[in-house]
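S.K.: Quick one: sequence plus predicted model below, questions after.
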Amino acid sequence: QVQLVESGGGLVQAGGSLRLSCTASGRTFSSYVMGWFRQAPGKEREFVAAVTRSAGHTYYSDFVKGRFTISRDNAKNTVYLQMNSLKPEDTAVYYCAAQDPGIVVVTTTPRTYKSWGQGTQVTVSS
């Protein structure tokens with residue numbers, strides 16, 4: 001497993017932008033599909049975006065498509081989430097996660113991700 005540490009959360013006004021980063025320990029970062037999830041108070045954790053091992057393909061939930069961009073730099077063991085045109089409903093704790101390396105296809109289900117960061121709070125004011 002890898003250890004993941006997120007950063008970059010904060011308070012922003014609606015329409016603003018934030019960039020989240022997630023840095024992994026270990027030398028096998030490129031072996032993992034990486035994803036971002038979020039969880040708002042009283043709600044279940046939900047998929048936001050994912051990127052394949054080589055960064056060749058990205059996947060997004062419908063509610064962030066066109067506003068958020070996931071990317072990764074395997075040389076830096078880091079995955080990013082650029083969030084633009086933020087809305088108050090984007091307010092949540094955001095988590096990065098590493099998918100089970102035994103699963104080849106990209107998934108959007110939290111239970112298939114085996115390593116999680118501690119989360120970073122994103123608050124969007126109206």
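M.R.: Here it is on my side, so go on. Numbering: from 1, shown residues only.

S.K.: Is it correct that residue 89 falls within a helix?
M.R.: Yes: per DSSP: H, G, I helix; E, B strand; the rest coil, residue 89 lies within a helix segment.

S.K.: show me what contacts it?
M.R.: Counting by CB atoms under 8 Å, 6 or more residues apart in numbering, residue 89 touches 63, 124. Glycine gets a C-beta too; all of them are placed from N, C-alpha and C.

S.K.: pLDDT at it, what is it?
M.R.: The model reports residue 89 with a pLDDT of 97.

S.K.: and what of residue 66?
M.R.: Looking at residue 66, its pLDDT stands at 95.

S.K.: Next: residue 123.
M.R.: At residue 123, pLDDT is 98.

S.K.: so it is in which element?
M.R.: strand 120-125 (DSSP states H and E).

S.K.: now for that strand, which elements pack on it?
M.R.: With contacts taken as 3 or more CB pairs under 8 Å, 6 or more residues apart in numbering; DSSP states H and E, strand 120-125 sits against strand 10-13, strand 18-24, strand 92-99.

S.K.: one more time with 7 Å, if that's ok
M.R.: strand 10-13, strand 92-99 (3 or more CB pairs under 7 Å, 6 or more residues apart in numbering; DSSP states H and E).

S.K.: Okay, buried residues for the first one please.
M.R.: Yep, that's strand 10-13 we're talking about. The neighbour-count check on strand 10-13 (16 or more other CB atoms under 10 Å) flags residue 12 as buried.

S.K.: Let me have the helices and strands packed on strand 120-125 in a markdown table, extended by mean pLDDT and distance to residue 36.
M.R.: Putting those into a markdown table (pLDDT from 0 to 100; distance: least, CB to CB, whole Å) gives the following:
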| stretch | mean pLDDT | distance to residue 36 |
| --- | --- | --- |
| strand 10-13 | 98 | 16 |
| strand 92-99 | 98 | 6 |
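
S.K.: of those strands, which approaches residue 39 most closely?
M.R.: strand 92-99 (5.3 Å; CB to CB).

S.K.: Sheet-wise, list the partners of the closest one with their directions.
M.R.: Under the criterion DSSP bridges, strand 92-99 sits next to strand 34-39 (antiparallel), strand 113-116 (antiparallel), strand 120-125 (antiparallel) in its sheet.
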